[in-house]
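Peer 1: sequence unknown, structure follows:
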């Protein structure tokens with residue numbers, strides 16, 4: 001007998017939509033059928049959208065920045081994510097420079113994540129590495145991780161990796177089945193701009209981190225990825241012009257791009273406000289023109305995935321640095337609102353499948369989450385049930401983050417995730433968190449090989 005049947009919902013699998021029943025046993029999908037099968041529990045989903053649980057490839061829970069720590073730990077972050085339809089996320093190890101740091105930092109993050117209520121994985125992170133790239137690749141894979149985060153900037157805090165190492169690592173990504181991911185900004189441009197400002201304010205962010213900086217670094221990465229037949233992934237693409245220029249290099253087989261909802265829904269007009277400090281993040285919000293180009297890239301398939309870069313801090317922590325951007329903790333929240341904001345840009349069924357692809361199917365395929373991101377027999381029963389008729393207003397009072405503000409405060413939206421299932425068990429049921437006893441698992445990711453040239 002099946003443990004659970006999801007009855008009569010409209011399934012969106014990223015390619016098509018259709019009405020069927022889904023049956024689950026022992027945490028896996030056992031049947032997708034128009035027939036009625038016997039289950040211990042039936043969940044009625046008529047009139048609802050049923051999709052594979054979303055996967056966020058880019059979050060920062062319990063991120064330590066010295067004096068500050070991001071507002072959401074793994075428990076609160078995972079609950080907020082679940083209310084946003086997310087059933088799996090990928091966080092980051094603390095930056096590693098030397099080989100002997102790897103195990104310690106991996107075990108530290110595993111310990112911090114033990115209170116997560118949904119499944120999770122990690123990206124390796126390197127900072128000014130002093131590790132042979134082959135050894136780094138092998139040690140990363142041994143942990144069940146297949147992606148390595150690299151910074152092309154932040155030389156002043158010793159997080160930057162030079163192009164020589166980047167090239168060497170990219171050249172072995174295909175051989176070893178790993179992905180090199182990038183925070184892409186040109187360090188020299190940022191340093192030059194910083195020297196031009198005696199005092200840096202939040203309002204200066206677009207000047208300090210211009211789109212040209214992102215474009216310069218992204219073009220370099222795209223060229224090296226194509227040249228080495230490597231596997232490169234650029235996180236939080238904010239610049240539509242940058243994406244437009246990358247397309248001209250014809251490197252799509254070797255380079256995948258992620259963007260975030262904030263770059264599609266907000267713009268740099270917010271830096272003209274007195275509370276500009278609340279919108280500090282890197283890369284910063286871009287111009288309305290940039291947003292137009294980014295929307296085009298989003299629609300034409302130039303963007304592969306959506307992450308949130310979820311990293312909120314408290315208002316007071318932002319406020320106390322409003323006259324000194326150098327000390328500002330950067331980041332905003334987004335795991336709970338990501339899908340609904342993008343859905344409200346276009347509430348067509350075609351766009352639902354687009355979002356399922358970019359927020360679930362493509363993420364699973366890109367990062368080797370082989371049992372995630374699909375509604376198929378044998379797959380993990382990670383399922384998000386969305387009611388397209390619910391009207392509500394986004395407010396910090398009805399979100400589940402530990403942050404005390406949201407950049408989308410007062411935004412009216414239609415549609416809400418009402419129930420979310422992780423490995424066959426409800427985390428959210430009929431709008432209520434019921435997953436207190438449910439603990440997520442660390443998901444090991446093996447070698448991954450993209451269909452490159």
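Peer 2: Good, I have the coordinates. Quantities reported herein were computed from a predicted structural model and do not represent experimental measurements. Numbering: from 1, shown residues only.

Peer 1: my guess is residue 77 contacts residue 59, does it?
Peer 2: Yes - here residue 77 lies in contact with residue 59, judged by Cβ atoms under 8 Å, at a distance of 6.6 Å. All C-beta atoms are positioned from the backbone trio N, CA, C, and that covers glycine.

Peer 1: shared neighbours of these two, anything?
Peer 2: 89, 310, 335 (Cβ atoms under 8 Å, 6 or more residues apart in numbering).

Peer 1: ok, which stretches of the stretch 201-350 of the chain are strands?
Peer 2: With DSSP state E, counting those that start in this stretch, the ranges of strands along the stretch 201-350 of the chain come out as 232-234, 255-259, 305-306.

Peer 1: in JSON lines: those strands, plus mean pLDDT, mean neighbour count and distance to residue 19.
Peer 2: Converted to JSON lines, these look like this (pLDDT from 0 to 100; neighbours: other Cβ atoms under 10 Å; distance: least, Cβ to Cβ, whole Å):
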{"stretch": "strand 232-234", "mean pLDDT": "98", "mean neighbour count": "26", "distance to residue 19": "35"}
{"stretch": "strand 255-259", "mean pLDDT": "98", "mean neighbour count": "24", "distance to residue 19": "31"}
{"stretch": "strand 305-306", "mean pLDDT": "98", "mean neighbour count": "26", "distance to residue 19": "26"}
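
Peer 1: wait, doesn't residue 43 sit right on residue 4?
Peer 2: Yes - Residue 43 is in contact with residue 4 according to Cβ under 8 Å; the separation is 6.5 Å.

Peer 1: okay, and the common contacts of those two?
Peer 2: Residues touching both residue 43 and residue 4 by Cβ under 8 Å, 6+ apart: none at all.

Peer 1: thinking again about what came up before, quick one: which of residue 77 and residue 59 has more around it?
Peer 2: Legend: neighbour count by other Cβ atoms under 10 Å for residue 77 and residue 59, higher for residue 77 (36 against 27).

Peer 1: helix, strand, or coil at that one?
Peer 2: When the structure is split into helix, strand and coil by DSSP: H, G, I helix; E, B strand; the rest coil, residue 77 lands in helix.

Peer 1: which residue is the nearest non-sequential neighbour of it?
Peer 2: Of all residues beyond its chain neighbours, the one nearest residue 77 is residue 61 (4.0 Å), with distances taken as Cβ to Cβ, 6 or more residues apart in numbering.

Peer 1: could you do residue 106 as well?
Peer 2: Counting by Cβ to Cβ, 6+ apart, the nearest residue to residue 106 once its immediate chain neighbours are dropped is residue 143, at 5.4 Å.

Peer 1: count of residues packed around the one you found?
Peer 2: 18.

Peer 1: check residue 132 too.
Peer 2: The local packing count at residue 132 equals 12, with neighbours defined by other Cβ under 10 Å.

Peer 1: quick check, pLDDT for it.
Peer 2: Residue 132 is assigned a predicted lDDT (pLDDT) of 98.

Peer 1: thinking again about what came up before, tell me the contacts of the residue nearest to residue 106?
Peer 2: Residue 143 makes contact with 102, 106, 122, 124, according to Cβ under 8 Å, 6+ apart.

Peer 1: and it, how close does it get to residue 410?
Peer 2: Computed as Cβ to Cβ, to the nearest Å, the residue 143 to residue 410 distance reads 43 Å.

Peer 1: what's the answer for residue 49, then?
Peer 2: As for residue 49, its distance to residue 410 is 25 Å (criterion: Cβ to Cβ).

Peer 1: check contacts around the closest residue to residue 79 other than its chain neighbours.
Peer 2: For residue 79, the nearest residue in space outside its immediate sequence neighbours is residue 400; the separation is 5.1 Å by Cβ to Cβ, 6+ apart. Listed by Cβ under 8 Å, 6+ apart, the contact partners of residue 400 are 76, 79-80, 83, 336, 433.

Peer 1: if I look at residue 400, what pLDDT would I see?
Peer 2: The pLDDT attached to residue 400 in the predicted structure is 98.

Peer 1: and if you look at residue 426?
Peer 2: Taken from the predicted model, the pLDDT recorded for residue 426 is 98.

Peer 1: and for residue 452?
Peer 2: 76.

Peer 1: and it, which of the three is it?
Peer 2: For residue 452, the secondary structure call by three-state DSSP comes out as coil.

Peer 1: for residue 231, see how far away the nearest residue to it once chain neighbours are set aside is.
Peer 2: Once its chain neighbours are removed from consideration, residue 452 has its nearest residue in residue 253; the separation is 4.6 Å (Cβ to Cβ, 6+ apart). Note on residue 253: its distance to residue 231, by Cβ to Cβ, is 10 Å.
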